[in-house]
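S.K.: Kindly return the folded structure for what I paste below:
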Amino acid sequence: MAAEDADRVSEAEEARAERLDEDDRLKPEFVEAVREALQEDAETDVRDLVEPLHPADIADLFEILPREDRPALARGIADLMSGEVISEMNDYVRDDLLESLPPDAVAGIAEQLETDDAVALIEDLDASDQAAVLAEMGPEDRAAIESALSFPEESAGRLMQRDLVAVPEHISIGDLIDYMRENADLTTEFWEVFVVDPTHRPVGSVQLSWILRTPRGVAIADVMKRDQTLIPADLDQEEVALRFQKYALISAAVVDKAGRLIGQITADDVAHIIQEEAGEDTLLLSGAGEGDINEPIRTSYSQRVRWLIANLGTALVASLIIAAFGAAIEQLVALAILMPVVASIGGNAGTQTMAVSVRALAMNQLTRSNTSRVIWREMRVALLNGITVAALIGAATAAIFTPMLGVVIAAAVVLNIITAGMAGVLVPVIFDRLDQDPAVASSVFVTIITDSMGFFAFLGLAVASGLVG
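M.R.: Numbers count the residues shown, from 1 in each chain. Below you'll find the model as predicted:
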């Protein structure tokens, strides 16, 4: 028996090695073999190729294949299209695939999933498609999903799982163990048991490790942890992730406005949030929208072009400042050579500070209580950076051109980096105070400030110093 098990493990490892590289990515030759089988309508071959893959790898295969090949793949591996595969898919790929499936098929997939994953599957469908899918679901599953959809998007209510274990505080550890053993309908994935009062408000929790190590006769009330972090159902998912990180939570109870227990959020749900939010802020800072390579070209175009047009406006403002000093530039060509240096250094300094500030706001490290201290800190960092860079560029300019021009560009660099440091903090903070996402438009405003200040400081100091008339 052991030899047979070893042979099966060996075969599985060989099959995995044929399909995945050392970084657990699908090999190009394997993807090409699947495409060839699809083009030849060899559904049996397709299934034999895909069957050994993990559901997450099957989801990756859908994302890698061209859009036109995905429906054929879904038909060829229909029995492998579990809810786990669908939940692992990229949103755009998943939505595109679901549109090709009848409502009863989508409902069947949704019923296999945890409530939070089922909600993620259905929430992006059109209202008519949502209604058709929900109509095909069982009453209990439909009610749970409709309840979740009543909460705001990206809230704890959408994220939470309805399946949990909750017991009254008057029972003993032995009663709890018997209850969990005898109740076949309990969820199979949980790390703690929630203790509730007669009105179903959570009053404590008991970790599974405590249950296993406590004598049967001990009352739940004597071992439960009364101090717990409760998550309001309407709390934004980013705030949920921060609470999990701050308090090192594995799971947490979700409560409604009346304080009643209605669900739980677990660490695996939060891991997805952290990944999504981190990537989202990075892309928003660059003006790339969602930045998904699977999103429609028209969507990518509309999300990116508006920020390019905004940047065009900032460039025109900077051009007007340069035009105001046109006569000075004509007298000293070196000014035109060195202007981009001042603006570029200021822009990079502003981007550094802005990235730090946006992250600090997202992590609740930058608040109303410490804004002035953070601004003063970044100003000191900017001053040190400005002096260091100014000394280098000033010395080089003095050696190549004239000492006075070296002094002018050094002073301009210091002024611009200090301005960039202040803008990099103030612009995101102002957006945050206005209840706007500081990652969305901060880069545009910081760019216009650093570019304009860089050109104005350099050219203005050149004129004021007498380098040009």
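S.K.: what is the mean pLDDT for the strand or helix carrying residue 206?
M.R.: Assigned by DSSP states H and E, residue 206 belongs to strand 202-207. Per-residue pLDDT values over strand 202-207 give a mean of 94.
S.K.: Okay, buried residues for it please.
M.R.: 202, 204, 205, 206, 207 (16 or more other Cβ atoms under 10 Å). In this view, the C-beta of every residue, glycine as well, is placed from N, C-alpha and C.
S.K.: Let me see the contact set for the third one.
M.R.: Put plainly, it is residue 205. When the contact criterion is Cβ atoms under 8 Å, 6 or more residues apart in numbering, the partners of residue 205 are 192, 193, 194, 195, 224, 225, 228, 253.
S.K.: Among those residues, which has the minimum pLDDT value?
M.R.: Confidence-wise, residue 228 trails the rest of these, at 88.
S.K.: Can you give me the neighbour number for that residue?
M.R.: Applying other Cβ atoms under 10 Å, we find 17 residues neighbouring residue 228.
S.K.: Render the CA-only coordinates of the strand holding residue 206 in PDB, please.
M.R.: Backbone C-alpha positions of strand 202-207 (Å, rounded to 0.1, in the frame of the first residue of the first chain) are rendered in PDB as follows:
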ATOM      1  CA  PRO A 202     -20.700  38.500  20.700                       C
ATOM      2  CA  VAL A 203     -19.400  38.500  24.200                       C
ATOM      3  CA  GLY A 204     -16.200  36.600  23.700                       C
ATOM      4  CA  SER A 205     -14.400  33.900  21.600                       C
ATOM      5  CA  VAL A 206     -12.500  30.700  22.200                       C
ATOM      6  CA  GLN A 207      -9.600  29.500  20.100                       C
END
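S.K.: Would you mind listing the buried residues in the helix or strand following that strand?
M.R.: Heading C-terminal from strand 202-207, the first helix or strand you meet, by DSSP H and E, is helix 208-213. Under the neighbour-count criterion of 16+ other Cβ under 10 Å, helix 208-213 has 210, 211 buried.
S.K.: what's next to helix 208-213, contact-wise?
M.R.: Counting by Cβ under 8 Å, 6+ apart, 173, 176, 177, 190, 191, 192, 193, 223 sit against helix 208-213.
S.K.: closest to residue 468 among those residues?
M.R.: residue 191 (71.4 Å; Cβ to Cβ).
S.K.: Okay, the closest one and residue 237: tell me how far apart.
M.R.: Per Cβ to Cβ, to the nearest Å, residue 191 is found 20 Å from residue 237.
S.K.: Compare these two (neighbour count), which wins?
M.R.: residue 237 (23 against 14).
S.K.: where along the stretch 151-300 of the chain do the strands fall?
M.R.: 166-168, 192-196, 202-207, 230-232, 251-255, 261-266 (DSSP state E, counting those that start in this stretch).
S.K.: Mind putting those into TSV with distance to residue 143?
M.R.: TSV is the format used below for those (distance: least, Cβ to Cβ, whole Å):
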stretch	distance to residue 143
strand 166-168	18
strand 192-196	20
strand 202-207	22
strand 230-232	21
strand 251-255	17
strand 261-266	12
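S.K.: Isn't residue 150 up against residue 157?
M.R.: Yes - contact between residue 150 and residue 157 holds when scored by Cβ atoms under 8 Å: they sit 7.5 Å apart.
S.K.: More neighbours: which of the two?
M.R.: residue 157 (25 against 10).
S.K.: what's the closest non-adjacent residue to that one?
M.R.: Counting by Cβ to Cβ, 6 or more residues apart in numbering, residue 151 is the residue found nearest to residue 157 once chain neighbours are left out, at 2.7 Å.
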